[in-house]
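[1] This is a predicted model, with the sequence first.
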Number of protein chains: 4
Amino acid sequence: MPRTPADNQRIKDERRAAILAAARSVFVRKGLAAAKISDVAAAAGLSHGLVYHYFSSKEAMYAGLLEALFARATVELEVLAGDEGTPLERVRAFVVQRLERFSAEPEMFGLVMQAFLHRDALPSSTLAALQNFAALSMSAMTKTLADGQRRGDFVEGDPAELAAALLAVLHGLAMARSVDLELPRPLPNVALILRLIVSGVS
Amino acid sequence: MPRTPADNQRIKDERRAAILAAARSVFVRKGLAAAKISDVAAAAGLSHGLVYHYFSSKEAMYAGLLEALFARATVELEVLAGDEGTPLERVRAFVVQRLERFSAEPEMFGLVMQAFLHRDALPSSTLAALQNFAALSMSAMTKTLADGQRRGDFVEGDPAELAAALLAVLHGLAMARSVDLELPRPLPNVALILRLIVSGVS
Amino acid sequence: MPRTPADNQRIKDERRAAILAAARSVFVRKGLAAAKISDVAAAAGLSHGLVYHYFSSKEAMYAGLLEALFARATVELEVLAGDEGTPLERVRAFVVQRLERFSAEPEMFGLVMQAFLHRDALPSSTLAALQNFAALSMSAMTKTLADGQRRGDFVEGDPAELAAALLAVLHGLAMARSVDLELPRPLPNVALILRLIVSGVS
Amino acid sequence: MPRTPADNQRIKDERRAAILAAARSVFVRKGLAAAKISDVAAAAGLSHGLVYHYFSSKEAMYAGLLEALFARATVELEVLAGDEGTPLERVRAFVVQRLERFSAEPEMFGLVMQAFLHRDALPSSTLAALQNFAALSMSAMTKTLADGQRRGDFVEGDPAELAAALLAVLHGLAMARSVDLELPRPLPNVALILRLIVSGVS
DNA sequence: TATGAATGAGCATTCATTCAT
DNA sequence: CATGAATGAATGCTCATTCAT
């Protein structure tokens, strides 16, 4: 009684997901160059040969991982770039969402940092995705802050500079989280972070 | 008439410095695993064989680089941990010093991030230096913030949490700088950052 | 239909044996330091990379080879150390066995000589095996000669000195054989060698 | 007051001798391939660069060492090949001389063994010297034994076979000595060895 | 002469990738 | 699909040898 095509597809999808999960963990811990395909295969519980049924190369696997991350993160920018609520509410919601993401998947950001650090080694499509996401984040944040400044909700100053600062803060917190996996310190609350930009705090 | 020992020492010092400079640049761009000794040698303008007159292995070179960085950074903590001025002045001075350091040597922080990210691969002495520096930073900042809170200069809250947040912010900014070497955006000014912790800002 | 584990085991055993045979020949001809892994691989008819599926390093391969030799040689001491026959018969049987071994596998002894000569370079487990074998040989021979002396079969004298002399003779013959592979001279017969120790010969 | 040419020559000779002595010790312990010129230089107390004023290459040094040994050993064959005394006396004198040599310079024979073992790696002049010495030894011993047999002093049998056996015995003893440098066992006395060939012993 | 910095050929070893089974 | 044996390009590292000083 052979497996049905649907079974095969399901198995295939599960395997692919297992490999990606294993790869994320291995890559974040060792980096692209030091990570071995056999590490990934062992972590995913299959032979290293089989990995090549799912990914054409180590680089392709890495790129797949990162591009999925960027795609999801781009979607999640909607909460900031959309038109639900006031600028302050949107920034708050975005910050909350990011903090939760960092708590839920602390490894994720380590991967992104690596990509930034060693971007000479990235395939061009991944580099493009990374740059696209960075640009989208900056422009959405800058626009939202500028909107808020017009309403007097945020402190004065170049909105791009404020945006860069706020994003850098989030990245710093993500990094702290990513880097301290064993004994994670609680992330600061939103109110603290928003002091950076909200006018009239005391 | 052979070279004098002093001549040899001078040559050695120059070579060693040239290798370290080349190594910093190569390591920060590629990471330990992907960096080739021949890259470093080429960047330093000498043969790969000669590198091994100065460093016993690639790992030793990397460790030497990082340990020097940590040693210097530990010394620079003095401005925060010392007793020159009020807690607020000390924090301000520390933040200014860090921002200047990030501007002057943007590569530096990339190296440190890598070390954190891939600390499984670090030799134990380097790991110890890193952990020591991280602990010293946190304790000095926590103590200074607690002092300032007692004087009413800083916002309420767990001083360790505030310290972690402030350091994370600095790291986020350093990362932004380190990662964006070609077209560096100006770093935020001190005043903006201090809004995070200073009470009564408007 | 993948290979069965049994198939793989068979392949592995065959390969491992082929590599060891090639290694014996290369090591005996060049010595550990001068032998290249690529020599061994070429002699075994496979790629150099594959050698490392079977042996973790050149030193491990050398050690494996020697330890197998010592293990077998230790077993073969039984004919001398056992209680089959008179002391003279046991010594005779042992000498015959050694001479036959030297004829059948002249390379073998070259390896052992190398190990003795360069024992500073041996891994400690191999050195222990070597020393163990040497000590066992001496004690078995000494005891057997002492027994024979009590029966009046052997010449007078310190049995340990006689044992050392007899073993040295065998080693000298083995060496002559090992060293003269192309045009081997016939080994002396047992009777000649036994003249060294048997009393009352004429 | 510059050194006179004679002083220079003396210094040069001393240096050369010091290098050879160091080389003998290093080569015998590690073998040609594993011995480093810097080991020899360090053992001789001079810089590795200077070694090349005295020897054009590592191989030349090794060859020089061995050829000197063979030259001296060839001269020492005179006691066997000459016409002083009866064949038995000459053989006895030769054996005594060899045993004394092995005691006085146990390292020497280790070098010769290496040369035999790895003779594929020898320069041709050294190989020729080695083969020449081996041939001379065999022919002198064979002739002397044949002479003695005619006088009834030695046992019957092919004199070449007897010669090979006797020389092998000596080599075996030399090896035992060479290999056991730390705790040398006394060499067997001449009488024991001569039992191999002398007729009518009891 | 004497030194040791410098070079580069050579070799051990690793690991991504392929492919027979 | 699955396995792991097999290959070989790539790279760390060593060390004989050269040569400027």
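    Now that the structure is in, tell me what you want to look at.

[2] Could you use CA atoms for every contact and neighbour count after this?
    OK.

[3] what does the model give the residue nearest to residue A:47 when sequence neighbours are not counted for pLDDT?
    Leaving aside its chain neighbours, residue A:47 sits nearest to residue A:41 (5.7 Å; criterion: CA to CA, 6 or more residues apart in numbering or on different chains). For residue A:41, the pLDDT comes out at 98.

[4] How about whatever helix or strand residue A:41 lives in and DNA strand F, touching?
    Using DSSP states H and E, residue A:41 sits in helix A:37-44. No: using CA under 7 Å from any atom of the strand, helix A:37-44 never reaches DNA strand F; the gap is at least 8.8 Å.

[5] Flag every buried residue along the next helix or strand along the chain from that helix.
    Sequence-wise, the next helix or strand downstream of helix A:37-44 (DSSP H and E) is helix A:48-54. Buried positions in helix A:48-54, judged by neighbour count with 16 or more other CA atoms under 10 Å in any protein chain shown: A:48, A:51, A:54.

[6] just to revisit the earlier point, which ones are touching the residue nearest to residue A:47?
    A:19, A:22, A:47, A:48, A:51 (CA atoms under 8 Å, 6 or more residues apart in numbering or on different chains).

[7] again, but for residue A:159
    A:142, A:143, A:145, A:146.

[8] Equivalent analysis for residue A:177, please.
    Residue A:177 is in contact with A:102, A:103, A:106, A:184, A:185, A:187, counting by CA under 8 Å, 6+ apart.

[9] what residues does chain A put near chain C?
    Within chain A, no position is near chain C by CA under 8 Å from any CA of the partner chain.

[10] got the domain boundaries for chain A?
    Split into domains by automatic domain parsing, chain A comes to A:1-55, A:58-194.

[11] And for stretch A:19-39, what's in contact with it?
    Stretch A:19-39 has contacts (CA under 8 Å, 6+ apart) with A:40-41, A:43-44, A:47-48, A:51, A:58-59, A:61-62, A:65, A:107-108, A:110-111, A:114, B:33-34, B:117-118, B:120-121.

[12] So, low pLDDT: which residues of chain A?
    A:1-5, A:181-184, A:200-202 (pLDDT under 70).

[13] so which residue of it comes closest to DNA strand F?
    DNA strand F sits closest to residue A:49 of chain A, with a gap of 3.1 Å, by CA to the nearest atom of the strand.

[14] Show me what residue of chain A gets nearest to chain B.
    Closest contact between chain A and chain B, by CA to the nearest CA, is at residue A:172 (3.5 Å).

[15] and that residue, how many residues sit next to it?
    Residues lying near residue A:172 (other CA atoms under 10 Å in any protein chain shown) number 25.

[16] relative to helix B:159-179, how tilted is the host helix or strand of it?
    Secondary structure assignment for residue A:172, by DSSP H and E: helix A:159-179. Calculated by axes from the mean of the first three to the mean of the last three CA atoms, to 10 degrees, helix A:159-179 forms an angle of 110 degrees with helix B:159-179.

[17] Buried residues, helix A:159-179. List them.
    For helix A:159-179, a neighbour-count test (16+ other CA under 10 Å) marks A:159-179 as buried.

[18] Mind checking which of the contacts of residue A:177 are in helices?
    Per DSSP state H, helices hold the following members of the contacts of residue A:177: A:102, A:103, A:106.

[19] what's near enough to touch the first one?
    If I follow you right, that is residue A:102. Counted by CA under 8 Å, 6+ apart, residue A:102 has contacts A:108, A:109, A:174, A:177, A:178.

[20] Report the secondary structure state of the second one.
    Secondary structure state of residue A:109, per DSSP: H, G, I helix; E, B strand; the rest coil, is helix.

[21] Is there a neighbour count for it? I'd like the number.
    21.

[22] my guess is it meets residue A:175, correct?
    Yes: counting by CA atoms under 8 Å, residue A:109 touches residue A:175, with 6.7 Å between them.

[23] name the element the closest residue to chain D within chain A belongs to?
    Nearest residue of chain A to chain D: residue A:34, at 32.1 Å (CA to the nearest CA). For residue A:34, there is no helix or strand it lies in under DSSP H and E.

[24] and it, what are its phi and psi?
    Residue A:34 adopts backbone torsions of phi -80, psi -10, taken as degrees, to the nearest 10.

[25] distance of it from residue C:12?
    28 Å (CA to CA, to the nearest Å).

[26] Just give me the neighbour total for residue A:195.
    Counted with other CA under 10 Å, residue A:195 comes out at 23.

[27] next one: the one 3 residues further on
    The local packing of residue A:198 (other CA under 10 Å) involves 20 other residues.

[28] partners of it in the sheet?
    residue A:154 (DSSP bridges).

[29] Just among the contacts of residue A:159, which is most surrounded?
    Highest neighbour count within those, by other CA under 10 Å: residue A:145, with 27 neighbours.

[30] what does chain A put close to DNA strand F?
    So far as CA under 7 Å from any atom of the strand goes, chain A lies against DNA strand F at A:8, A:9, A:12, A:46, A:47, A:48, A:49, A:50.

[31] I'd like to know how many residues surround the fifth one.
    By the other CA under 10 Å criterion, the neighbourhood of residue A:47 contains 14 residues.

[32] And residue A:120, how close does it get to residue A:71?
    Residue A:120 is 21 Å from residue A:71, by CA to CA.

[33] Let me see the contact set for the nearest residue to residue A:98 once chain neighbours are set aside.
    Excluding the flanking residues, the one nearest residue A:98 by CA to CA, 6+ apart is residue A:170, at 7.6 Å. By CA under 8 Å, 6+ apart, the residues touching residue A:170 are A:95, A:98, A:99, B:169, B:172.

[34] okay, now the first one: neighbour count?
    For residue A:95, the number of neighbouring residues by other CA under 10 Å comes to 22.

[35] Double-check it against residue A:188; I have them as touching.
    No: using CA under 8 Å, residue A:95 is not in contact with residue A:188, being 10.9 Å away.

[36] doesn't residue A:79 make contact with residue A:140?
    No: between residue A:140 and residue A:79 there is no contact under CA under 8 Å: 9.9 Å.

[37] Residue C:90 versus residue A:57, what's the distance?
    65 Å.

[38] neighbour-wise, which of the two wins?
    Per other CA under 10 Å, whichever of residue A:57 and residue C:90 has more neighbours is residue C:90, with 22 against 13.

[39] show me what contacts the more buried one?
    Per CA under 8 Å, 6+ apart, neighbours of residue C:90: C:79, C:80, C:81, C:84, C:144.

[40] ok, 10 Å please
    Residues in contact with residue C:90, defined by CA atoms under 10 Å, 6 or more residues apart in numbering or on different chains, are C:78, C:79, C:80, C:81, C:82, C:83, C:84, C:96, C:141, C:144, C:145, C:148.

[41] Among those, which one is most surrounded by other residues?
    residue C:145 (28 neighbours).

[42] any idea how far it is from residue C:87?
    Counting by CA to CA, the gap from residue C:145 to residue C:87 is 7 Å.

[43] Over to residue A:71?
    In this view, residue A:71 and residue C:87 are 86 Å apart by CA to CA.

[44] more crowded one of the two?
    Between residue A:71 and residue C:87, counted using other CA under 10 Å, the more crowded position is residue C:87 (24 against 13).

[45] Quick check: the more buried one vs residue C:73, distance?
    From residue C:87 across to residue C:73, the span is 20 Å (CA to CA).

[46] Residue A:179 now?
    Residue A:179 is 56 Å from residue C:73, where distance means CA to CA.

[47] What of residue A:140?
    79 Å.

[48] Please say which of these two ends up with more neighbours.
    Ranked by neighbour count (other CA under 10 Å), residue A:140 and residue C:73 place residue A:140 first, with 18 against 15.
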